[in-house]
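Q: give me coordinates for this.
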Amino acid sequence: MSGCSVASALQQAQVTLAATDNPRLEAGLLMCHLLGWHNTKLISHSDQALSASQLSDFVHLVARRHNGEPSAYIVGERAFWSLDLKVTSDTLIPRPDTETLVEQALALLDGKTSPRVLDMGTGSGAIALSIAKERPDAHVEASDFSLQALDVAKNNAQRLRINIQAWHHGSWFSALPEHHPRFDLIVSNPPYIANNDPHLPSLQYEPLSALVAGQDGLDDIRLLIQQAPNYLLPNGYLALEHGYDQAPAVEQLFAAKSYTGLEQKKDLAHIIRASAATPGS
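A: Numbers count the residues shown, from 1 in each chain. Model prediction:
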């Protein structure tokens, strides 16, 4: 990369990043991160010269992205819902698919006063923080198996000034204290990828434990469906994100455990990505 202005560096970066979905967006994101600029300044100051060290640093960032490292990890943040979340390699990168689950969760809470909500496997805190922001009256708690992920989520909550009532460390329901009060809603984006899925190599930078769930990808979903009735209030719901082709299997798992009131939510591509139901009486 030989150019010394912002514009020429961006132009050459787009060539390097041609294999990404949006080379222009990717290059601009990396440049804004490097210079600490907003996108509007990137446009108005495109003729500004880069120093030799800035150019070298930009080339390094572009090379990392070209080699497959997600831009969210490179810049350390990702927009989700109405939040700008910090992310690290200890957490999954929040994706638009998961906003479908947030929409479903908020709909299930509609009409409930001061509901109790638990986000299991919170990662960066995306789901818990989005719900807590939209429903400040809710009592929202969050858990994760990873202490490092919990630290990221706690830092996001503090930085965004969103109140999460309690943080729990541990594997699924074992993270909760004994005799813990029950919830109106338990929500989770659990691991749901099969351990032999051909897409796994493209996710090599993300934590494997947050992605893979057994031979068919349903191990954690099975556990959640089996154990959630012990932690839900009457008429409470378990809401889960799942794979693009897993809705029928999840529906069957709910039915096998006598859940009722199945609610399914489609994403923007009209694919069912979130399913919720309430344990039978």
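Q: can you list the low-confidence ranges for the stretch 151-281 of the chain?
A: The stretch 151-281 of the chain contains residues with pLDDT under 70 at 200, 281.
Q: if you set the cut-off to 50 instead, what comes out?
A: Within the stretch 151-281 of the chain, no stretch has pLDDT under 50.
Q: so where do the helices sit in it?
A: Remark: helices assigned in the stretch 151-281 of the chain by DSSP state H, counting those that start in this stretch are 219-227, 247-256.
Q: quick check, distance from the last one to the centre of its chain.
A: Its chain's average C-alpha position is 23 Å from that of helix 247-256, according to Cα atoms, centre = their mean, to the nearest Å.
Q: identify the residues contacting that helix?
A: Contacts with helix 247-256, where a contact means Cβ atoms under 8 Å, 6 or more residues apart in numbering, come from 216, 218, 221-222, 225, 240, 242, 262, 264, 272, 275, 277. Where C-beta positions appear, they are placed from N, C-alpha and C, glycine not excepted.
Q: what about the residues you listed, which are in strands?
A: Mapping the contacts of helix 247-256 onto strands (DSSP state E) picks out 240, 262, 264, 272, 275, 277.
Q: contacts only, for the second one.
A: What that stands for is residue 262. Listed by Cβ under 8 Å, 6+ apart, the contact set of residue 262 reads 251, 254, 275-277.
Q: what's the distance between it and residue 44?
A: To residue 44, residue 262 is 51 Å away according to Cβ to Cβ, to the nearest Å.
Q: same check, this time on the first one
A: When distance is defined by Cβ to Cβ, residue 240 is 45 Å away from residue 44.
Q: neighbour-wise, which of those two wins?
A: Remark: of residue 240 and residue 44, residue 240 carries more neighbours, 27 against 10, as counted by other Cβ atoms under 10 Å.
Q: closest to the centroid, which residue in the protein?
A: The C-alpha lying nearest the average C-alpha coordinate of the chain belongs to residue 94 (Cα atoms, centre = their mean; 2.6 Å).
Q: pretty sure that one contacts residue 86?
A: No. Assessed by Cβ atoms under 8 Å, residue 94 is found out of contact with residue 86, at 10.8 Å.
Q: residues shared between the contacts of the two?
A: Joint contacts of residue 94 and residue 86 (Cβ under 8 Å, 6+ apart) are residue 124.
Q: got the buried residues for stretch 128-146?
A: Taking 16 or more other Cβ atoms under 10 Å as the neighbour-count basis, stretch 128-146 is seen to contain the buried residues 128-133, 135, 138-146.
Q: noted, bye for now.
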